[in-house]
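Chemist: with the sequence up front, the predicted model follows.
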Amino acid sequence: MTQLEGKVAFVTGASRGIGAAVGRALSGNGVRLGLASRSGDDLGLADALGLPCDVRRLDQVEAAVAKTVERFGRLDICVANAGVGSYHTLVATPVEHIEEMIDVNLKGTIYAIRACVPHLIESGEGDVVTLASEAGRRGLPGEAVYCASKFGQVGLTRALDHELREHGIRCSNVCPGGVATDFALADGYGRPPEVLAGMMSAEDVADVVLFVLTRPRGYRILETALRPVTEASWG
Ligand SMILES: NC(=O)c1ccc[n+]([C@@H]2O[C@H](COP(=O)([O-])OP(=O)(O)OC[C@H]3O[C@@H](n4cnc5c(N)ncnc54)[C@H](OP(=O)(O)O)[C@@H]3O)[C@@H](O)[C@H]2O)c1
């Protein structure tokens, strides 16, 4: 029996990459799962509900959270992970990529956490984990809009710590550097495939999320920064 046994989590962007690795890690620790993504993949996990959901749509996010609570009876953990990245200079970033990064990364995170919070409060304690990025901790060249969306996530989660601590809800930003997932490969988005070598794995990041969630409830981790050894820290 693990300390997460019987808890219920809602994870966005759970069909692939980091979200899927987090889903698998939580499932392995006895957590029941609402797994949200546009494809609605349940990853074939026991006690997991696949939820087709576009995080840009508040109504779809609220419906997915409601289905999770209806199925499992409670909610303890929100992992706001869905995200897209398009790395260009500001002027070269296509307008539709600007809109998608702000809508998915920032508004989607706000919507997911907003939909979860009343249920976390009802459970008496809980955890919010936001998959931000190193790009949410410092400005990086060639990714201004992505950075803006990630700084927004970090600011949101830090501010929510003030709002939610009194309810026993811990809010944590997990800020990875490069992770070798589809994120880096999607057509027109992400980084060129040759930079994938030496990046961290989705499972590395899921380990950190698990670490954050399994700390004794007397303290909270506000932010975790992790980077592959192949990547500079830029001060
Ligand atoms: N990979 C990295 O180097 C890296 C580094 C730092 C931080 N991050 C952050 O980590 C998070 C996960 O990234 P990843 O590398 O795992 O990416 P990924 O492998 O591309 O997976 C992205 C996930 O988000 C979902 N998604 C995308 N748009 C969505 C939408 N509109 N509504 C609902 N779900 C949507 C995708 O599922 P569907 O296509 O089925 O919707 C997929 O499950 C992102 O927030 C990213 O910014 C990544």
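Modeler: Alright, I've got the coordinates.
Chemist: where does the residue lying farthest from the centre of the chain fall, phi/psi-wise?
Modeler: The outermost residue of the chain, judged by C-alpha distance from the chain's mean C-alpha position using C-alpha atoms, centre = their mean, is Val91 at 27.6 Å. Dihedral pair for Val91: phi -70, psi -30, per degrees, to the nearest 10.
Chemist: dump the residue contacts of it.
Modeler: Taking C-beta atoms under 8 Å, 6 or more residues apart in numbering as the definition of contact, Val91 has no neighbours. All C-beta spots, glycine's among them, are computed from the backbone N, C-alpha and C.
Chemist: then Gly19?
Modeler: By C-beta under 8 Å, 6+ apart, the contact list for Gly19 reads Val11, Thr12, Gly13, Leu35, Ser37, Val79, Asn81, Ala82, Leu131.
Chemist: ok, and for stretch 156-167, which residues are buried?
Modeler: Buried residues in stretch 156-167, counted by 16 or more other C-beta atoms under 10 Å: Leu156, Thr157, Leu160, Asp161, Leu164.
Chemist: so the fourth one is in which element?
Modeler: In this assignment (DSSP states H and E), Asp161 forms part of helix 144-164.
Chemist: next structured bit after that helix?
Modeler: Heading C-terminal from helix 144-164 (DSSP H and E), you reach strand 169-176.
Chemist: pick the one among the buried residues of stretch 156-167 closest to Gly73.
Modeler: Nearest to Gly73 among the buried residues of stretch 156-167, counting by C-beta to C-beta, is Leu164 at 21.3 Å.
Chemist: please name the nearest non-neighbouring residue to that closest one.
Modeler: Cys171 (5.9 Å; C-beta to C-beta, 6 or more residues apart in numbering).
Chemist: surely the one you found is in contact with Asp161?
Modeler: Yes. Contact status for Cys171 versus Asp161: in contact at 4.3 Å, counting by C-beta atoms under 8 Å.
Chemist: joint contacts of these two?
Modeler: Counting by C-beta under 8 Å, 6+ apart, the common neighbours of Cys171 and Asp161 are Arg220, Leu222.
Chemist: on that earlier part again, show the pLDDT at the residue nearest to Leu164.
Modeler: The pLDDT attached to Cys171 in the predicted structure is 98.
Chemist: residue contacts, it?
Modeler: Contacts were defined as C-beta under 8 Å, 6+ apart; by that measure Cys171 touches Asp127, Val128, Thr130, Thr157, Arg158, Leu160, Asp161, Leu164, Arg165, Arg220, Leu222.
Chemist: want to throw the buried residues of stretch 156-167 into CSV with pLDDT and distance to Asp42?
Modeler: What follows is these, written out as CSV (pLDDT from 0 to 100; distance: C-beta to C-beta, whole Å):
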residue, pLDDT, distance to Asp42
Leu156, 98, 28
Thr157, 98, 27
Leu160, 98, 28
Asp161, 98, 31
Leu164, 98, 28
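Chemist: okay, and which of the contacts of Gly19 map to strands?
Modeler: Val11, Thr12, Leu35, Ser37, Val79, Leu131 (DSSP state E).
Chemist: got the contact list for the fourth one?
Modeler: Contacts here follow C-beta under 8 Å, 6+ apart; on that basis Ser37 touches Thr12, Gly13, Ala14, Ser15, Arg16, Gly19, Leu51, Pro52, Cys53, Ala82.
Chemist: and for the last one?
Modeler: For Leu131, the residues meeting the contact criterion (C-beta under 8 Å, 6+ apart) are Gly13, Ile18, Gly19, Val79, Ala80, Asn81, Gly83, Val174, Pro176, Val205, Val209.
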